[in-house]
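> sequence plus the predicted model coming up.
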Amino acid sequence: MRAVSTITTHILDSALGKPAAGVEVRLEQVGPDARVLAEGKTDDDGRIRDLGPEGLAAGVYRLTFDIESYAAATNQTYFYPSVSITFKVAGVAGEHYHVPLLMSPFAYSTYRGS
């Protein structure tokens with residue numbers, strides 16, 4: 001059995017009152033060693049449970065959510081075509097970072113989940 005990914009996410013669409021399925025998400029390392037680490041798509045529950053490596057070095061990372069494609073697929077109009085969340089990882093072995101996104105047509109919020 002694979003260990004839980006260091007990075008997971010969950011997207012809720014508050015306009016429709018349900019999880020946002022099929023959203024493309026990209027995980028990038030930010031800074032001098034900038035690179036794309038992983039890409040995924042949310043499942044029917046709006047989650048990506050295995051995004052990226054099982055461990056991350058200390059540093060700054062960014063999750064980018066493709067909201068425009070999701071909006072088109074659900075016949076909605078969103079003010080933000082994409083949402084990027086930049087966060088810092090301490091680099092502690094075994095640390096898990098759950099980065100949820102709550103979105104609506106004219107606003108979004110996030111927090112560090114568990």
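Received the coordinates, thanks.

> let me know how buried the closest residue in space to Leu101 that isn't next to it in sequence is, in neighbour terms.
Spatial nearest neighbour of Leu101, chain neighbours left out: Ile11 (4.7 Å); criterion: CB to CB, 6 or more residues apart in numbering. Placement of C-beta: from N, CA and C, glycine included. The tally of other residues near Ile11 (other CB atoms under 10 Å) stands at 25.

> so Ile11: helix, strand or coil?
strand (DSSP: H, G, I helix; E, B strand; the rest coil).

> do you have the strands of this structure handy? List them.
7-13, 18-19, 24-30, 35-41, 47-51, 59-66, 82-89, 97-98, 101-104, 107-110 (DSSP state E).

> now the fifth one: buried residues?
For strand 47-51, burial by neighbour count (16 or more other CB atoms under 10 Å) applies to Arg47, Ile48, Arg49, Leu51.

> so who does the last one touch?
By that I understand Leu51. Going by CB atoms under 8 Å, 6 or more residues apart in numbering, Leu51 touches Ser5, Ile7, Thr8, Thr9, Val25, Leu27, Ala38, Gly40.

> ends of stretch 39-58, what's the gap?
20 Å (CA to CA, to the nearest Å).

> ok, now stretch 104-114?
Termini of stretch 104-114 sit 22 Å apart (CA to CA).

> now that stretch, how far from the chain's geometric center?
For stretch 104-114, the gap between its own C-alpha mean and the chain's C-alpha mean amounts to 10 Å (CA atoms, centre = their mean, to the nearest Å).
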